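1. coordinates for the following, if possible.
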Amino acid sequence: MTNPRIKSGDEHEDGGVAHLDVGEGNPLRKRYMKSFVVGRVDELAEGERRVISCNGTEVGVFNVDGQLVAWYNQCAHRGGPVCQGRIYRQVREPVNENGETRTLQYDAKRKNIVCPWHGWEFDLRTGHHPGGERFALRRAKLEIADGHIYVIV
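-> Have a look, this model is predicted:
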């Protein structure tokens, strides 16, 4: 059963586009979704980010080593604006055979984002906290069409 007044692809005053999504095949779980333009794919260079407002819901879109990822701008710890935090290579503290640490090293393969409120770190690719998957960022849906990046909320 569809609503004849809402058509997929209709543009709205707020810049979004309507999408009808049936979650997990259950027709009772239809929900109203909109897409928001982030920009052109070639405008988001490697290592850059864009934080956009989608009708008041903020989403951060990141180019991590050529891969686009998007996270809701809400830290899993206390809801801080995590997508506006600093981005660092993951810091490791190697332990020697005596159980001592003397130095810090950066992991060349992993990038973390650090929430500006309380310093919680999350893997920028997976959204996971180093302490485990229990604390993780919430992934936002991305679509690429005609050379543009869209966030779907």
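
2. rest of the way, CA atoms for contacts and neighbours
-> OK.

3. quick one: contacts of stretch 102-110?
-> Here stretch 102-110 makes contact (C-alpha atoms under 8 Å, 6 or more residues apart in numbering) with Arg89, Gln90, Val91, Arg92, Glu93, Pro94, Val95, Asp123, Leu124.

4. which one of the residues you listed is nearest to Asn63?
-> Leu124 (9.5 Å; C-alpha to C-alpha).

5. where does pLDDT dip in this protein?
-> Counting by pLDDT under 70, the chain has low-confidence residues at 1-32.

6. give me the most central residue, the protein.
-> Trp71 (1.6 Å; C-alpha atoms, centre = their mean).

7. the protein: strands as residue ranges?
-> When assigned using DSSP state E, the strands of the chain occupy the ranges 17-22, 30-40, 49-54, 57-64, 67-72, 86-92, 105-114, 121-123, 128-129, 132-136, 141-145, 148-152.

8. most tightly surrounded among the ones you listed?
-> The highest average neighbour count among the strands of the chain, using mean count of other C-alpha atoms under 10 Å, belongs to strand 121-123 at a mean of 25.

9. check which helices and strands it is in contact with.
-> Under the contact criterion of 3 or more C-alpha pairs under 8 Å, 6 or more residues apart in numbering; DSSP states H and E, strand 121-123 touches strand 105-114, strand 128-129.

10. could you rerun that using 10 Å?
-> strand 86-92, strand 105-114, strand 128-129, strand 132-136 (3 or more C-alpha pairs under 10 Å, 6 or more residues apart in numbering; DSSP states H and E).
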